[in-house]
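> This is the structure alone, sequence omitted:
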């Protein structure tokens with residue numbers, strides 16, 4: 001069995017990159033913009049389910065295009081924080097990372113990126129930024145004006161994650177026994 005320490009170190013570096021403290025541009029987070037009416041947006045639980053669906057769609061599309069990337073698993077835990085500014089009735093949600101140990105090559109990235117961009121745009125995440133994009137080291141963020149963000153990176157491993165900048169909980173708590181349940185690992189193909 002080959003040692004996995006170098007791959008693990010690279011994957012952890014990528015996870016750190018994707019969970020860095022950069023926040024998406026949105027009226028919810030930008031204190032100078034007109035604040036959004038959180039009551040008009042889907043709840044935190046509804047938005048969480050939407051983003052989990054998008055993450056799974058992206059995973060499936062990548063796995064179809066790059067069969068070597070078919071074994072995915074969740075790592076890290078969910079995290080929450082209060083909403084920025086004077087919004088006190090909502091929560092921000094940081095997703096765990098869906099990871100495959102296969103690092104997308106630049107050629108593979110070039111094949112899957114347009115597909116992920118289309119899936120994201122169909123879900124309303126039309127703003128695209130590439131804060132770190134170099135040969136065999138890729139980082140893309142797909143954001144929406146309502147504060148949702150999909151993160152995709154490939155550097156030593158491939159990671160998909162998401163953030164929700166602020167949503168109300170209302171009568172749909174996302175915690176069970178004090179914790180947010182982890183989604184099941186997708187079945188390997």
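Received, thanks. Keep in mind it's a predicted model, so treat the numbers as computed, not measured. Numbers count the residues shown, from 1 in each chain.

> what's the helix or strand hosting residue 57 packed up against?
Element membership for residue 57, per DSSP states H and E: helix 44-65. Under the contact criterion of 3 or more CB pairs under 8 Å, 6 or more residues apart in numbering; DSSP states H and E, helix 44-65 touches strand 90-94, strand 97-100, helix 106-122, strand 148-154, strand 158-168. (Glycine included, C-beta is placed from N, CA and C.)

> Pull out the buried positions in whichever helix or strand comes after that helix.
Remark: after helix 44-65, the chain's next helix or strand is strand 72-75, criterion DSSP H and E. By neighbour count on 16 or more other CB atoms under 10 Å, the buried set for strand 72-75 is 72, 74-75.

> Kindly report the same for stretch 103-123.
Using 16+ other CB under 10 Å as the test for burial, stretch 103-123 gives 103-104, 108-109, 112-113, 116-117, 119-120, 123.

> how far is it from where the chain is centred?
Centre-to-centre, stretch 103-123 and its host chain are 14 Å apart (CA atoms, centre = their mean, to the nearest Å).

> returning to what we had before: and of the helices and strands packed on helix 44-65, who's closest to residue 60?
helix 106-122 (9.6 Å; CB to CB).

> mean confidence for that closest one?
Across helix 106-122, the average pLDDT comes to 97.

> Now render the helices and strands packed on helix 44-65 as a markdown table, adding distance to residue 37.
A markdown table is the format used below for the helices and strands packed on helix 44-65 (distance: least, CB to CB, whole Å):
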| stretch | distance to residue 37 |
| --- | --- |
| strand 90-94 | 11 |
| strand 97-100 | 31 |
| helix 106-122 | 24 |
| strand 148-154 | 16 |
| strand 158-168 | 10 |
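
> Tell me which of those lies nearest to residue 43.
Ranking the helices and strands packed on helix 44-65 by their distance to residue 43 (criterion: CB to CB) puts strand 158-168 first, at 5.8 Å.

> where are the low-confidence patches of this structure?
The model of the chain has pLDDT under 70 over residues 1-35, 86-88, 189.

> distance between stretch 56-70 and the chain's centre?
Counting by CA atoms, centre = their mean, stretch 56-70 is centred 15 Å from the centre of its parent chain.

> Stretch 143-163 too?
With CA atoms, centre = their mean, you get 4 Å for stretch 143-163.

> Next: stretch 70-83.
8 Å.

> Can you point out the buried residues in it?
For stretch 70-83, burial by neighbour count (16+ other CB under 10 Å) applies to 70, 72, 74-76, 78, 83.

> distance between the ends of it?
Using CA to CA, to the nearest Å, one end of stretch 70-83 lies 35 Å from the other.

> hang on, the earlier thing: now, among the buried residues of stretch 70-83, which is nearest to residue 94?
Distance to residue 94, by CB to CB, is smallest for residue 78 among the buried residues of stretch 70-83, at 6.9 Å.
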